[in-house]
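*Asks:* Sequence first, then the predicted structure:
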Amino acid sequence: MDINTLSKIAVDALEDIKGDQIEIIDTSKVTALFERIIIASGTSNRQVRALANNVHDKVKEAGGEVLSIEGEDTGEWVLVDLGDIVVHVMQPAVRAYYNLEELWQVTPASKKNKA
């Protein structure tokens with residue numbers, strides 16, 4: 001399955017269960033491990049788990065492969081590994097704390113010169 005199709009399936013699955021602040025980050029220039037990261041927020045442990053499970057189910061229904069799901073025990077941060085795409089579903093406080101968007105940005109923030 002091509003990366004764009006897989007990405008669309010994952011995002012649609014997140015939108016189905018009202019995932020919030022869905023963001024897709026192209027990591028192909030940063031790492032060879034995967035091509036995209038999809039990050040979404042859920043308002044509770046239950047919703048975070050439901051969002052991740054829906055991604056799992058929709059990808060499987062479309063004939064895609066789910067390598068693993070991690071973090072379902074707590075439901076604060078659940079990772080769904082789709083191979084070329086890694087989906088992170090997090091509660092807002094956890095998402096703000098780890099700030100994956102900044103960590104995986106392609107262009108580093110400019111640094112002030114010390115003079």
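*Replies:* In hand now; what should we look at?
*Asks:* who's in contact with A62?
*Replies:* By C-beta atoms under 8 Å, 6 or more residues apart in numbering, the contact set of A62 is M1, T5, I9. Where you see a C-beta, it was placed from the backbone N, CA and C, and this is true even at glycine.
*Asks:* and those residues, which are buried?
*Replies:* With neighbours counted by 16 or more other C-beta atoms under 10 Å, those contain buried members at I9.
*Asks:* Which of the contacts of A62 fall in helices?
*Replies:* Counting by DSSP state H, the contacts of A62 place T5, I9 in helices.
*Asks:* Looking at the contacts of A62, which is nearest G63?
*Replies:* Set against G63, the nearest of these by C-beta to C-beta is M1 (6.7 Å).
*Asks:* Relative to R49, how far out is that closest one?
*Replies:* 24 Å (C-beta to C-beta, to the nearest Å).
*Asks:* Specify the beta-bridge partners of R36.
*Replies:* Legend: beta-bridge partners of R36 under DSSP bridges are D26, I85.
*Asks:* Could you verify my assumption that it touches T27?
*Replies:* Yes: here R36 lies in contact with T27, judged by C-beta atoms under 8 Å, at a distance of 6.3 Å.
*Asks:* lowest-confidence helix or strand of the protein?
*Replies:* Least confident helix or strand of the chain, by mean pLDDT, DSSP states H and E, is helix 100-103 with a mean of 84.
*Asks:* Show me the longest helix that occurs in the chain.
*Replies:* Under DSSP H, the chain gives helix 45-61 as its longest helix.
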